[in-house]
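Enquirer: Give me coordinates for this.
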Amino acid sequence: MAKEVVYSANAPEPIGPYSQAIKIDNLIFISGQIAIERASGNMVTGNIIDETHQVMKNLSEILKAAGMDFSNVAKTTIFLKDMNNFPKVNDVYGSYFKNQPPARETVEVSRLPKDVNVEISCIAAK
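Expert: Prediction:
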């Protein structure tokens, strides 16, 4: 088993002692992403739609660094601060998976890092 850190200069720096992603053989495990813009370091706030698009952009950049894209994603986990946002998050999320969407669970949590509204992690395979 060869474990390798995957890093994208186009995705936010980790805000704790973790890697953006870890690759083991043909699998990539991407840490939960929140709506931080890499260029400015600012949080995307204001509405759940823009926040979710930024999360998906961050995931996309890390997938690219591993030579993958959303078609390689096998499983995701969505963490929501408020399940009432589920329909809007689901619409944005679904727009990134045109064919064969991955397995997924969505859970409501009491609090997320930096008090964001949504965090998404994923596992992909090449």
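
Enquirer: Regarding this protein, what is its longest helix?
Expert: When the chain is parsed with DSSP state H, its longest helix is helix 48-65.

Enquirer: And residue 122, how close does it get to residue 39?
Expert: Applying CB to CB, to the nearest Å, the value for residue 122 to residue 39 is 22 Å. Just so you know, the C-beta spots here come from the backbone N, C-alpha and C atoms, and that holds for glycine as well.

Enquirer: Which parts of the protein are helices?
Expert: Under DSSP H, the chain gives helices at 48-65, 86-94.

Enquirer: avg pLDDT for the longest one?
Expert: Per-residue pLDDT over helix 48-65 has a mean of 98.

Enquirer: elements contacting it?
Expert: strand 27-33, helix 86-94, strand 118-125 (3 or more CB pairs under 8 Å, 6 or more residues apart in numbering; DSSP states H and E).

Enquirer: how about the ones you listed, which one is nearest residue 6?
Expert: Counting by CB to CB, residue 6 lies closest to strand 27-33 out of the helices and strands packed on helix 48-65; the figure is 6.1 Å.

Enquirer: Partner strands of that closest one, with direction?
Expert: Strands flanking strand 27-33 in the sheet, each with its direction: strand 21-24 (antiparallel), strand 118-125 (antiparallel) (DSSP bridges).
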